[in-house]
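>>> Would you be able to build a 3D model of this:
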Amino acid sequence: MFPLRNSMEPAWSPNGTKIAFRRVLDVVRGDSKIFVMDSSGANAARITNNFSLDGNPAWSPDGKRIAFQSNRDGNNEIYVITLR
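Numbering: from 1, shown residues only. The predicted structure is shown next:
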């Protein structure tokens, strides 16, 4: 089971089999990432890697992409990542 401490902002995939969420990795330095895991809590995987505050994940209707907010370029903007 994946430790969910410092995890927030859950978003269920359209088919209900996955959950995207934000996990704070370093509160002091302001670093959080987007993760995806099975609805059972297994197979958690980090999907963003830049040093930034990534958050507010939202699934595309087809479940193939996740939009999220990030300050990775100095401004809060919306980014989209395609899942493999």
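>>> ok, and what's touching the helix or strand where I34 lies?
Counting by DSSP states H and E, the element that carries I34 is strand 31-38. With C-beta atoms under 8 Å, 6 or more residues apart in numbering as the contact definition, strand 31-38 has outside contacts at 2, 7, 17-25, 43-49, 51-55, 57, 66, 68, 81, 83. C-beta: built from backbone N, CA, C; applies to glycine.
>>> and if we set it to 7 Å?
Residues from elsewhere that reach strand 31-38, judged by C-beta atoms under 7 Å, 6 or more residues apart in numbering: 2, 17-25, 43-48, 51, 53-55, 57, 66, 68.
>>> Past that strand, which element shows up next along the chain?
The helix or strand immediately downstream of strand 31-38 is strand 45-46, counting by DSSP H and E.
>>> just how off-centre is that following strand within its chain?
Strand 45-46 sits 8 Å away from the centroid of its parent chain (C-alpha atoms, centre = their mean, to the nearest Å).
>>> Where does the prediction get shaky in the protein?
For the chain, applying pLDDT under 70 flags the ranges 1-5.
>>> Where do the strands of it begin and end?
With strands called from DSSP state E, the chain shows them at 7-12, 18-26, 31-38, 45-46, 54-59, 65-70, 77-82.
>>> How about the contacts made by I81?
Applying C-beta under 7 Å, 6+ apart to I81 gives the contacts I47, T48, R65, I66.
>>> which one of the residues you listed sits closest to A11?
I66 (7.8 Å; C-beta to C-beta).
>>> quick one: the closest one and A20 touch, right?
Yes. At 5.3 Å, I66 counts as touching A20 under the criterion of C-beta atoms under 7 Å.
>>> shared neighbours, those two?
Residues touching both I66 and A20 (C-beta under 7 Å, 6+ apart): I34, P57, W59.
>>> quick one: the second one from S70, how far?
When you say that, I think you mean P57. 11 Å (C-beta to C-beta, to the nearest Å).
>>> Quick one: residues in contact with stretch 45-64.
9, 11, 13-15, 20-22, 30-36, 66-72, 81-83.
>>> Any quick PyMOL command for the buried ones out of those residues?
Selecting only the buried entries of the contacts of stretch 45-64 in PyMOL, with 16 or more other C-beta atoms under 10 Å as the criterion:
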select buried, resi 9+11+13+20+21+22+32+33+34+35+36+66+67+68+69+70+81
